[in-house]
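Asks: I would like to see how this sequence folds:
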Amino acid sequence: MATVFPSSTAPAHASMVSGTLPSLHGIIGNRFWFGNESVGDIRNVLSNPVSTLHPYRASCRLGDSVADSLRAAGARIAAVHFPSLFDERSEYFSMYSVYSPAQQLSVIIDETVPFTIFDWPYRMSVTAGRGGFTVEVTDTDDMPVWDAQIRLGSPTELLIPTPVGRFAAHVTVTGASRQEVFIFLGTGTLVLSSDDNLLGPSAAWGSSSPAPSYPGGVDDFFCETPSENWVFTTARQVIERTEPDVLFVRFNQADHAQEHLFWQAVRGAGEAAVTARNKIFSVYDAIEARVQELVADIGNPNLVVLTLSDHGIDYVEEHLNPNVVVEDLGLAERAVFQGDSNIAFLYGPSLTSREVDSILQTTSCATGASRVGSAKLNKIGLPGLSPRVGRGALLLGAHREFSYGLPGLHRTVRSASHGAGIEYPTMAAASAITAPFELERPQRITDVRRIVEQAWIRTGP
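Replies: Numbers count the residues shown, from 1 in each chain. Down below sits the predicted model:
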């Protein structure tokens with residue numbers, strides 16, 4: 001199944017649900033801006049995934065979607081962790097989870113150490129006892145928000161409120177001396193929802209994995225979040241409590257497994273390559289098992305199940321940060337690159353045309369990326385004249401990727417990308433349909449909306 005460019009999560013899902021290209025629905029990458037923000041405002045929120053979540057929200061997508069057409073036809077719908085159908089203000093139930101990176105903390109016993117979750121400040125303290133350690137988390141007003149008795153080496157799930165939703169992660173005491181305790185705070189999940197009452201205050205419970213999931217991969221400390229079991233459990237609760245006619249569910253663990261292990265699987269050698277491939281397949285098997293459990297729970301002989309990927313995958317061996325060039329030119333306060341894996345958009349409303357040209361030309365020379373004008377953007381399915389594409393764009397080919405927070409210009413990596421051009425066969429998506437009647441199979445990701453609508457016409461009331 002042909003996808004879109006960039007074929008990453010936000011634009012691909014927007015094309016699924018809208019039936020249109022990014023040039024029309026406006027979701028041009030996993031990270032973009034609207035062209036009227038100051039560079040300072042952009043840079044101030046880059047470290048907070050909640051503040052940069054707009055590409056995944058339904059309210060950011062232009063035009064209508066399959067949710068609108070289904071509801072107009074009388075269908076009840078719900079969306080679990082599904083980009084471009086999630087919004088806190090949606091009139092149907094929708095929820096989404098955002099993850100924060102793992103942290104390693106060092107805490108002096110009987111003292112407190114500050115730490116942040118999505119830029120929100122908290123404090124952690126540890127006291128020692130015979131059976132282990134008491135770990136307490138307080139907010140900035142010193143109000144307790146969580147505490148637990150933890151034994152050395154035993155992960156314990158932390159669940160705390162944040163200003164916008166519930167956050168969960170596992171806390172592990174990895175070592176200790178007489179004066180100091182070492183804490184591993186695993187990759188965490190923040191759950192956002194259109195109806196907090198439907199899932200309740202423990203909505204995030206069980207969403208984070210207790211230990212690193214892909215050792216030997218890109219990030220040895222990444223703990224799968226949300227776990228496939230949590231997505232399944234949440235979907236089951238949503239089915240029970242909302243009784244949707246059409247349910248959209250996203251299991252993004254396949255993405256994570258491939259991003260972390262695909263290079264090792266296809267470019268590695270010996271036992272390491274075999275182990276990586278087996279781990280990727282085991283993740284697919286686990287997702288398939290959960291989907292079949294949901295199908296069995298529903299128990300409807302007329303059920304239609306459409307299983308899709310939003311893109312393919314390919315290996316990456318070089319990361320490049322175009323913002324290093326901006327800094328070297330002395331323009332970091334007035335310009336910033338943001339965008340996706342293989343296309344970078346330049347934002348800077350106060351830049352002169354000469355400064356824009358200088359930045360793009362210098363960065364192109366430094367990175368080997370190609371400059372992309374409005375005609376080329378239109379040709380590859382992006383909006384050539386939209387403020388969302390900024391003041392200009394740079395394009396990378398396969399096996400290389402932009403990484404906007406890299407400390408230097410270049411880094412050799414063993415990673416994977418889902419954002420290269422649709423001309424690469426490895427970027428093709430996949431689809432499968434199970435239905436009690438003949439149903440068209442999507443040839444392009446933009447066909448998905450029409451096929452879902454056709455399925456509802458055949459099965460709906």
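Asks: How much space separates residue 332 from residue 220?
Replies: Here the criterion is Cβ to Cβ, to the nearest Å. By it, residue 332 lies 31 Å from residue 220. Quick note: C-beta positions are derived from backbone N, CA and C, even for glycine.
Asks: do residue 380 as well
Replies: From residue 380 across to residue 220, the span is 35 Å (Cβ to Cβ).
Asks: What's the separation between residue 241 and residue 199?
Replies: Distance check for residue 241 against residue 199: by Cβ to Cβ, it reads 8 Å.
Asks: no no, residue 346
Replies: Relative to residue 199, and taking Cβ to Cβ, residue 346 is found at 40 Å.
Asks: what do you get for residue 374?
Replies: 44 Å.
Asks: Out of these two, name the residue with the larger neighbour count.
Replies: Using other Cβ atoms under 10 Å as the criterion, residue 374 and residue 199 rank with residue 199 on top: 19 against 15.
Asks: list the contacts for residue 193?
Replies: Applying Cβ atoms under 8 Å, 6 or more residues apart in numbering to residue 193 gives the contacts 88, 93-96, 165, 199, 203.
Asks: Which helix or which strand is home to residue 257?
Replies: Using DSSP states H and E, the element containing residue 257 is helix 253-267.
Asks: packing partners for the helix or strand that comes right after that helix?
Replies: Using DSSP H and E, the helix or strand that follows helix 253-267 in sequence is helix 270-298. Using 3 or more Cβ pairs under 8 Å, 6 or more residues apart in numbering; DSSP states H and E as the contact criterion, the elements in contact with helix 270-298 are helix 228-242, helix 253-267, strand 305-308.
Asks: List the buried residues of the lowest-mean-pLDDT helix or strand in the chain.
Replies: Every helix and strand in the chain was compared by mean pLDDT, DSSP states H and E; the lowest is helix 196-199, with a mean of 90. For helix 196-199, the neighbour count (16 or more other Cβ atoms under 10 Å) marks residue 199 as buried.
Asks: do the same with stretch 241-251
Replies: Along stretch 241-251, these residues count as buried under the neighbour rule (16+ other Cβ under 10 Å): 242, 244-251.
Asks: Take these and keep only those in strands.
Replies: Judged by DSSP state E, strands contain the following of the buried residues of stretch 241-251: 246-249.
Asks: So for residue 380 and residue 220, which sits in the more crowded spot?
Replies: For residue 380 versus residue 220, neighbours defined as other Cβ under 10 Å are more numerous around residue 380 (19 against 12).
Asks: roughly how far apart are the spatially closest residue to the more buried one that is not a sequence neighbour and residue 390?
Replies: Of all residues not flanking residue 380 in the chain, residue 5 sits nearest, at 5.0 Å (Cβ to Cβ, 6 or more residues apart in numbering). Distance, residue 5 to residue 390, by Cβ to Cβ: 17 Å.
Asks: For the least confident helix or strand of the chain, which helices and strands make contact with it?
Replies: Checking 3+ Cβ pairs under 8 Å, 6+ apart, helix 196-199 ends up next to helix 228-242.
Asks: which parts of the helix it packs on are buried?
Replies: Across helix 228-242, burial judged by 16+ other Cβ under 10 Å covers 228, 230-236, 238-239, 242.
Asks: related to what we said a few turns ago, tell me which of the helices and strands packed on helix 270-298 lies nearest to residue 45.
Replies: helix 253-267 (23.4 Å; Cβ to Cβ).
Asks: in the closest one, what counts as buried?
Replies: Residues 253-265 are the ones in helix 253-267 that count as buried (16+ other Cβ under 10 Å).
Asks: can I get the CA coordinates of the least confident helix or strand of the chain in PDB?
Replies: Output of helix 196-199 as PDB, limited to C-alpha atoms (Å, rounded to 0.1, in the frame of the first residue of the first chain):
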ATOM      1  CA  ASP A 196     -11.300  11.700  32.100                       C
ATOM      2  CA  ASN A 197     -14.200  10.100  33.900                       C
ATOM      3  CA  LEU A 198     -14.600   7.300  31.400                       C
ATOM      4  CA  LEU A 199     -11.300   5.600  32.200                       C
END
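Asks: what's that helix in contact with?
Replies: 93, 95, 165, 191, 193, 203, 234, 237-238, 241-242.
Asks: do that again at 6 Å, thanks
Replies: The contact list for helix 196-199, computed with Cβ atoms under 6 Å, 6 or more residues apart in numbering, reads 93, 241.
Asks: coming back round to it: tell me what the helix holding residue 257 is packed against?
Replies: Packing partners of helix 253-267 (3 or more Cβ pairs under 6 Å, 6 or more residues apart in numbering; DSSP states H and E): helix 270-298, strand 314-320, strand 410-417.
Asks: now these as a markdown table including mean neighbour count, mean pLDDT and distance to residue 19?
Replies: Output for these, formatted as a markdown table (neighbours: other Cβ atoms under 10 Å; pLDDT from 0 to 100; distance: least, Cβ to Cβ, whole Å):
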| stretch | mean neighbour count | mean pLDDT | distance to residue 19 |
| --- | --- | --- | --- |
| helix 270-298 | 14 | 95 | 24 |
| strand 314-320 | 20 | 95 | 26 |
| strand 410-417 | 19 | 94 | 25 |
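Asks: can I get the ones in strands among the buried residues of stretch 241-251 in a markdown table with distance to residue 185 and pLDDT?
Replies: As requested, these are exported to a markdown table (distance: Cβ to Cβ, whole Å; pLDDT from 0 to 100):
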| residue | distance to residue 185 | pLDDT |
| --- | --- | --- |
| 246 | 37 | 97 |
| 247 | 33 | 98 |
| 248 | 31 | 98 |
| 249 | 28 | 98 |
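Asks: Identify, from those, the entry nearest to residue 113.
Replies: If you rank these by distance to residue 113 using Cβ to Cβ, residue 249 comes first, at 38.2 Å.
Asks: The closest one: what's it in contact with?
Replies: 80, 235.
Asks: ok, it to residue 148 distance?
Replies: In terms of Cβ to Cβ, residue 249 sits 31 Å off from residue 148.
Asks: do residue 288 as well
Replies: According to Cβ to Cβ, residue 288 and residue 148 sit 35 Å apart.
Asks: same thing with residue 179?
Replies: Residue 179 is 21 Å from residue 148, where distance means Cβ to Cβ.
Asks: Out of these two, name the residue with the larger neighbour count.
Replies: residue 148 (15 against 10).
Asks: where's the more buried one, which helix or strand?
Replies: strand 144-150.
Asks: List the buried residues in that strand.
Replies: Result for strand 144-150 [16+ other Cβ under 10 Å]: buried residues 145-146, 150.
Asks: Show me where the chain has its helices.
Replies: Along the chain, counting by DSSP state H, helices occupy 9-18, 22-25, 39-45, 66-72, 196-199, 228-242, 253-267, 270-298, 323-328, 353-367, 374-379, 448-459.
Asks: To residue 114, which of those lies closest?
Replies: helix 39-45 (19.1 Å).
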